[in-house]
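Engineer: pasting the structure only:
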């Protein structure tokens, strides 16, 4: 509790000062005459007479303080300013990009920003936004991008911006795992892509991964040997941490990338020695063999799932719903099984999230077209099948079934919706096209059974 009050004191003191405290994360700072606030980190040596690289982070949930905290180690190492809004960017891409430009402009007016070293970072959905913004900048004002969990890279756009540096950080249970990996293997992106790593889980990556991505972007011919050595020492230290934790595969993948990063200017004997030690770990060899066993089959399944999703949704293949139910059940069995190796469970988790994401993507595409009711109904049934907690899918299925006059299906999807824990009582009586259904005895009995009350009967 004592540390909590100290943190509050530092935060309030920093906000009250014209220049926030240096070397610590300030969770709430506000521009003059602005209502929305942002989180900030200034390097410990910050002065108004010098300029500094700036990292602007956008998080799809608006978690500015958490984002800045994850970047603070890399920011301290590279002497960079880091800022992140404590609010979400707009869902419309063009509006979000304009919001980002405005935020960067205010930062540049407020702090000593090196306008030649502006780096964007985005987590999840915002990874798409920052990569799109960086490639759309006609004046090439963005120096680099760190995309976490999602990205959009276009070779044609990048040909006109060959100096843009891109780092990709991919959660190994993420829905966009396959897309980000394909970018890392794309020969046409080699000039722009300076760093690619996968990391454990689906939340923010460890600070060591972020520091490596940031240094990979900032290293150039002007980087001093002393600073380069400090970057190398930081990366090696993170690799050793993974080695001590017996994280064989992750450690090997990380440390092996350091060769190309530093070999031209530094003695990398320590990297070679660490790599040899990692390869001697027992779990490294076993995990490597298991990964090799499952990875090829996983790739084939992902391709098959993607093809079938597009075919089924374009043609409303209701007969294939049973096949999808079986596939999802199999994935859940693998995820929940304690007998499976973690690598196999992660493979199943990736595939599950990939299927859910791909179905949502294809549904959005259908919504933009002049789509038949039958096709929309199939899409929503599939949405609810691959993600049983997708309440919007059930609501849409209720509405479309009622519109088609299928009363039994309407009641069925109503009960399935309530099984998910849906509690918006008033909204149940406002679902489009259910005017006749919602005054029926069956509709009201179902609602009463789950919510304890009904409007009729």
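Structural biologist: The structure has been received and is ready for your questions. This one's a predicted model, so the numbers in the text were calculated from it and none came from an experiment.

Engineer: contacts, neighbours, all on C-alpha from now
Structural biologist: Noted.

Engineer: how close does residue 254 get to residue 270?
Structural biologist: 14 Å (C-alpha to C-alpha, to the nearest Å).

Engineer: do the same with residue 59
Structural biologist: With the distance defined as C-alpha to C-alpha, residue 59 ends up 36 Å from residue 270.

Engineer: also residue 403?
Structural biologist: The value you get for residue 403 to residue 270, if C-alpha to C-alpha is used, is 68 Å.

Engineer: neighbour count: the two, which is higher?
Structural biologist: residue 403 (16 against 12; other C-alpha atoms under 10 Å).

Engineer: correct me, but that one touches residue 433?
Structural biologist: Yes: Residue 403 sits in contact with residue 433 when judged by C-alpha atoms under 8 Å, with a separation of 5.5 Å.

Engineer: which residues in the stretch 51-200 of the chain form helices?
Structural biologist: 64-78, 93-110, 125-136, 155-159, 177-184 (DSSP state H, counting those that start in this stretch).

Engineer: packing partners for the fourth one?
Structural biologist: Read it as helix 155-159. Applying 3 or more C-alpha pairs under 8 Å, 6 or more residues apart in numbering; DSSP states H and E, one finds that helix 155-159 contacts helix 125-136.

Engineer: in the helix it packs on, what's buried?
Structural biologist: For helix 125-136, the neighbour count (16 or more other C-alpha atoms under 10 Å) marks 125, 126, 127, 128, 129, 130, 131, 132, 133, 134, 135 as buried.

Engineer: so what touches that helix?
Structural biologist: 58-60, 89, 93, 96-97, 120-122, 140-142, 144-154, 157-158, 161, 164 (C-alpha atoms under 8 Å, 6 or more residues apart in numbering).

Engineer: from the residues you listed, list just the buried residues.
Structural biologist: The neighbour count (16+ other C-alpha under 10 Å) marks 58-60, 89, 93, 96-97, 120-122, 140, 142, 144-153, 158, 161, 164 as buried among the contacts of helix 125-136.

Engineer: narrow the residues you listed to those in strands?
Structural biologist: Residues of the buried ones among the contacts of helix 125-136 located in strands (DSSP state E): 58, 59, 120, 121, 122, 144, 145, 146, 147, 148.

Engineer: pull the most distant pair out of these.
Structural biologist: 59 and 144 (16.9 Å; C-alpha to C-alpha).

Engineer: okay if I get the helices of the stretch 51-200 of the chain as a markdown table plus mean pLDDT and distance to residue 304?
Structural biologist: Output for these, formatted as a markdown table (pLDDT from 0 to 100; distance: least, C-alpha to C-alpha, whole Å):
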| stretch | mean pLDDT | distance to residue 304 |
| --- | --- | --- |
| helix 64-78 | 95 | 36 |
| helix 93-110 | 94 | 30 |
| helix 125-136 | 93 | 25 |
| helix 155-159 | 88 | 26 |
| helix 177-184 | 95 | 13 |
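
Engineer: same for the helix or strand that residue 377 is a member of, what does it pack against?
Structural biologist: Following DSSP states H and E, one finds residue 377 within helix 373-386. Helix 373-386 sits against helix 282-315, helix 321-336, helix 342-367, helix 391-403, with contacts defined as 3+ C-alpha pairs under 8 Å, 6+ apart.

Engineer: residue 410 touches residue 403, doesn't it?
Structural biologist: No: the criterion here is C-alpha under 8 Å, and residue 410 misses it with residue 403 at 9.3 Å.

Engineer: mind checking the SS state of the residue lying closest to residue 79 once chain neighbours are set aside?
Structural biologist: Distance criterion C-alpha to C-alpha, 6 or more residues apart in numbering; nearest residue to residue 79, sequence neighbours excluded, is residue 43 at 5.2 Å. Look at residue 43: counting by DSSP: H, G, I helix; E, B strand; the rest coil, its state is coil.
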